[in-house]
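Undergrad: need the 3D shape of this:
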Amino acid sequence: MADKEVLLTPEGLQKLEEELDYLKRVRRREVAARIKQALEFGDISENSEYDDAKNEQAFVEGRILQLEKMLSNARLVSGEGKSETVTVGSRVRLLDLDRGEEVEYTIVGSAEANPAQFKISNESPVGRALIGQRAGQEVTIQVPAGVLHYKILAVQ
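TA: You can find the predicted model right below:
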C-alpha cells in the first residue's frame with residue numbers, strides 16, 4: 001500500500017522542516033545527555049531518571065521518523081493564483097446562516113490543521129464539504145455536533 005500523500009502549504013512545509021531540524025540537532029543531544037547522566041547514577045533497574053530519558057528518546061526518534069515520512073510524501077500546494085473554487089490552500093469566508101456570523105477558514109492538509117488558528121483540514125467534514133464549491137453557494141454540512149449551514153461569501 002502506498003504512503004498517504006501529505007498536502008502542505010509553503011508555511012506548513014517550513015514548520016515541519018524546522019521541527020525536524022530542531023529534533024535532530026538539539027533534542028537528540030539533550031536526550032543523549034540525560035541518558036548519560038542517568039547512567040552515572042548506577043543501577044538502571046530502579047532508575048526512574050533513566051527510564052524517563054529512554055521514553056523521551058523513543059518519543060523524539062518516533063517524531064523524527066514521522067516527520068521524515070511526512071516530508072518524503074509531501075506535495076506542496078500554494079493556494080496562490082486566482083481560483084474560483086475552494087481548494088487546499090484557499091482562504092474561505094463563510095456566513096453561518098444559523099447564527100448570522102461570519103467566519104474565515106484556510107483549507108490545509110491534515111498535517112497543518114489547527115482549528116484554533118482557523119486552519120481546517122481538507123479531510124474534516126467542513127473541509128471536505130467546501131472543496132470544489134464556489135462563492136455564492138450554500139452548503140449544508142453534517143458534523144458530529146449537528147448540521148451546519150454556510151453561505152460561501154468569498155474564496156481567495
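Undergrad: who touches stretch 135-154?
TA: 84, 86, 92-98, 102, 125-126, 129-130, 133-134, 155 (Cβ atoms under 8 Å, 6 or more residues apart in numbering). Just so you know, the C-beta spots here come from the backbone N, C-alpha and C atoms, and that holds for glycine as well.
Undergrad: go with 6 Å
TA: Contacts to stretch 135-154, defined as Cβ atoms under 6 Å, 6 or more residues apart in numbering, come from residues 93-95, 97-98, 125-126, 129, 133, 155.
Undergrad: swap in stretch 32-40?
TA: 47, 49-50, 53.
Undergrad: coming back round to it: among the contacts of stretch 135-154, which ones are buried?
TA: 94-95, 126, 129, 133, 155 (16 or more other Cβ atoms under 10 Å).
Undergrad: and the residues you listed as JSON lines, adding pLDDT?
TA: What follows is those, written out as JSON lines (pLDDT from 0 to 100):
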{"residue": "Leu94", "pLDDT": "96"}
{"residue": "Leu95", "pLDDT": "96"}
{"residue": "Val126", "pLDDT": "94"}
{"residue": "Ala129", "pLDDT": "95"}
{"residue": "Gln133", "pLDDT": "94"}
{"residue": "Val155", "pLDDT": "93"}
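Undergrad: for the residues you listed, which one is nearest Phe41?
TA: Set against Phe41, the nearest of the buried ones among the contacts of stretch 135-154 by Cβ to Cβ is Val126 (51.2 Å).
Undergrad: checking the closest one next. Helix, strand or coil?
TA: Classification of Val126 by DSSP: H, G, I helix; E, B strand; the rest coil places it in helix.
Undergrad: do the one 10 residues further on as well
TA: Reducing the assignment at Gly136 to three states with three-state DSSP gives coil.
Undergrad: how many neighbouring residues does it have?
TA: A total of 11 residues lie near Gly136 under the criterion other Cβ atoms under 10 Å.
Undergrad: can you pull the pLDDT of Lys82?
TA: Looking at Lys82, its pLDDT stands at 58.
Undergrad: can you redo the contacts of stretch 32-40 as CSV with neighbour count, secondary structure and pLDDT?
TA: Putting the contacts of stretch 32-40 into CSV (neighbours: other Cβ atoms under 10 Å; DSSP: H, G, I helix; E, B strand; the rest coil; pLDDT from 0 to 100) gives the following:
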residue, neighbour count, secondary structure, pLDDT
Asn47, 16, coil, 80
Glu49, 15, helix, 87
Tyr50, 20, helix, 90
Ala53, 21, helix, 93
